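S.K.: Structure for this input, please:
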Amino acid sequence: MSDADLIPILPSDIALECLLRVPLQSLSALRQVCSSWRSLFSNPSFFETRRANGCQSHLVCILQIASSPLIKSPVYYISTYNEKDNEWSTLPPLPHLPRGLPLFCCCVSIRSKVVIVGGWDPSSCSVLTSVYIYDFLQGRWQRGAPMPTARSFFACAATRDGKVVVAGGHDNNKTALRSAQVYDVSEDSWEDLPDMAHERDECKPICFDGKILVVSGYPTDLQGQFVSSAESFDFAERNWQQRENFWPAGSAPNSLVVFQDRSHSLQDRKLVRWGAEKETWEALAMLPTAARIPACMAPLADRILIVGSGGSAERTTAMRWQAENPSSWRQVNNEGGLGIVQHTACTVQF
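M.R.: All right, here's what the predicted structure looks like:
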C-alpha cells in the first residue's frame, strides 16, 4: 500500500504509525477526509499491520434496554465497551426500527461488522428472519438477506472466514429444530447445512479450531430438560459429529467464548475453562458478588468481560477478569449505568 501524502509534512512511516492508532469508532468519519485515507482504511494490509503492531481494538457489543424496565415494551439498543479507553458508547439506532432491536435476537461479529440475526418483533412478538449489519468502517446499518428458516432461541456463531452459522432453536409451532444454515456476509447469501442428529432448542454455540460446536439444548418432547451432549460441524467434511458429556445435564447453557485458544463458560457462579486432556470443565474463579448472576460475557485482549448483577434488585455491572497468576477481578467504568442486558454479546476486533 502507498503511504504517500497521508499527513502533510510528516514522514510516511510516522504518519502511518499515527493512523494505526485511530479508534475503531472513528474510522468511518476519517475515511471521508481524503482519498488517500479512504484507500488506506479500505486496504486489508492496514488492519494486518494494525494487528501486528498491537494497535488492534477490542470493542464489546451488548444489547441492553434504553428505556425504563417498568414500561410494557422495552426498547433494545447496542451498547459498546472500548477496552483501551475503559469507556462505553452506543451504536446509532436502526433507522427503520423505531421500537429498537428485535427481542431475543443474536449478535455476532465479522471483522469490522456486527451482525444481528432473528429475534422477535417488539410490537407483535412474531418470529423474525431479519438480518441487520452495522459496519464500523462505513458507520452505518444495512439489511442482509433474511434467514431461510424462522427460528427462535437458536445457536448463532461467527466463523473466522466471515460466515455466520445458525442451528437448532424452535419454529413458530415451538417444535425444536435440527436444521442449520450458514450466511456468507460478503456474498449476502444463505446456504443449507446438513441437519444435526438431534433437535436442540435453546442451545448455545462456540466456534473453535475451525469447527462450530452446538452445545446442549432439548428436544420437543422433553421441554426444558437440557442434555449433556453437543454436536460439532466440520466444514471440511461437511458433517456433524456427536460429543457426549460436554455440558452438565439439566443445566441451561449460557455464554460460551474462546479466550486464549481455550473454551470458557460460566457454571454455578464460576468462570470455567474446558480442559481437553481431562475432557471436563475446570473452575478458574468464583464470580464476584456484584456479578454473581451473569447476563453475558465476551473476550478482550487479555481479559474476559462479564456483565451481570448481584440479584434481581441489584444494578447491572461489568467486571473484567484478568488471566494472570493469581487471577483477579476489576470493575470497569459503569458511568451512566447499565440497564437490563440481553443474554448475548460479541467482540469486534479490528
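S.K.: the strands in the stretch 251-350 of the chain, which residues?
M.R.: Taking DSSP state E, counting those that start in this stretch to define them, one finds strands in the stretch 251-350 of the chain at 256-259, 262-267, 270-275, 280-286, 293-299, 303-309, 317-322, 328-331, 341-349.
S.K.: what comes up buried for stretch 247-265?
M.R.: W247, P253, N254, S255, L256, V257, F259, S263, H264, S265 (16 or more other Cβ atoms under 10 Å). In short, each C-beta sits where N, CA and C put it, glycine included.
S.K.: Among the residues you listed, which one sits closest to N86?
M.R.: N86 has its nearest neighbour among these in F259, at 18.9 Å by Cβ to Cβ.
S.K.: which ones are touching the residue lying closest to that closest one once chain neighbours are set aside?
M.R.: Take F259 and drop its neighbours on the chain: the residue closest to it by Cβ to Cβ, 6 or more residues apart in numbering is P299, 4.3 Å away. Contacts for P299 (Cβ atoms under 8 Å, 6 or more residues apart in numbering) come out as H58, V257, V258, F259, H264, L305, T347.
S.K.: From A157, how far off is Q322?
M.R.: Separation of Q322 from A157 (Cβ to Cβ, to the nearest Å): 26 Å.
S.K.: Tell me which of the two has more neighbours.
M.R.: Applying other Cβ atoms under 10 Å to Q322 and A157 shows that A157 carries more neighbours, namely 22 against 15.
S.K.: ok, so of the contacts of P299, who is nearest G162?
M.R.: T347 (15.4 Å).
S.K.: Looks like the closest one contacts V60 (just checking).
M.R.: Yes: judged on Cβ atoms under 8 Å, T347 makes contact with V60 at a distance of 5.3 Å.
S.K.: okay, and the common contacts of the two?
M.R.: A298, L300.
S.K.: Sticking with I78, tell me its helix or strand.
M.R.: Element membership for I78, per DSSP states H and E: strand 76-82.
S.K.: Alpha carbons of that strand, as CSV, please.
M.R.: In CSV, the C-alpha atoms belonging to strand 76-82 read as follows (Å, rounded to 0.1, in the frame of the first residue of the first chain):
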residue,chain,number,x,y,z
TYR,A,76,-33.2,-2.5,23.0
TYR,A,77,-30.1,-0.9,21.5
ILE,A,78,-26.4,-1.8,21.3
SER,A,79,-24.0,-0.5,23.9
THR,A,80,-20.3,-0.8,23.2
TYR,A,81,-17.4,-1.1,25.6
ASN,A,82,-13.9,0.0,24.5
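S.K.: for the following helix or strand past that strand, which positions count as buried?
M.R.: Counting by DSSP H and E, the next helix or strand C-terminal to strand 76-82 is strand 87-90. By neighbour count on 16+ other Cβ under 10 Å, the buried set for strand 87-90 is W88.
S.K.: picking that back up, can you give me the pLDDT of the residue nearest to F259?
M.R.: pLDDT for P299: 95.
S.K.: possible to save the buried residues of stretch 247-265 as TSV with distance to A318 and pLDDT?
M.R.: Listed next are the buried residues of stretch 247-265 as TSV, based on distance: Cβ to Cβ, whole Å; pLDDT from 0 to 100:
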residue	distance to A318	pLDDT
W247	25	97
P253	22	94
N254	16	87
S255	13	88
L256	19	94
V257	15	95
F259	16	94
S263	22	94
H264	16	96
S265	18	96
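S.K.: Could you single out the nearest of the residues you listed to A52?
M.R.: Once Cβ to Cβ is applied, the member of those that ends up nearest A52 is F259, at 20.5 Å.
S.K.: Got the phi and psi for the residue nearest to A155 when sequence neighbours are not counted?
M.R.: In space, not counting the residues next to it along the chain, A155 is nearest to P205; the distance is 3.7 Å by Cβ to Cβ, 6+ apart. Torsion angles at P205 (phi, psi; degrees, to the nearest 10) stand at phi -110, psi 160.
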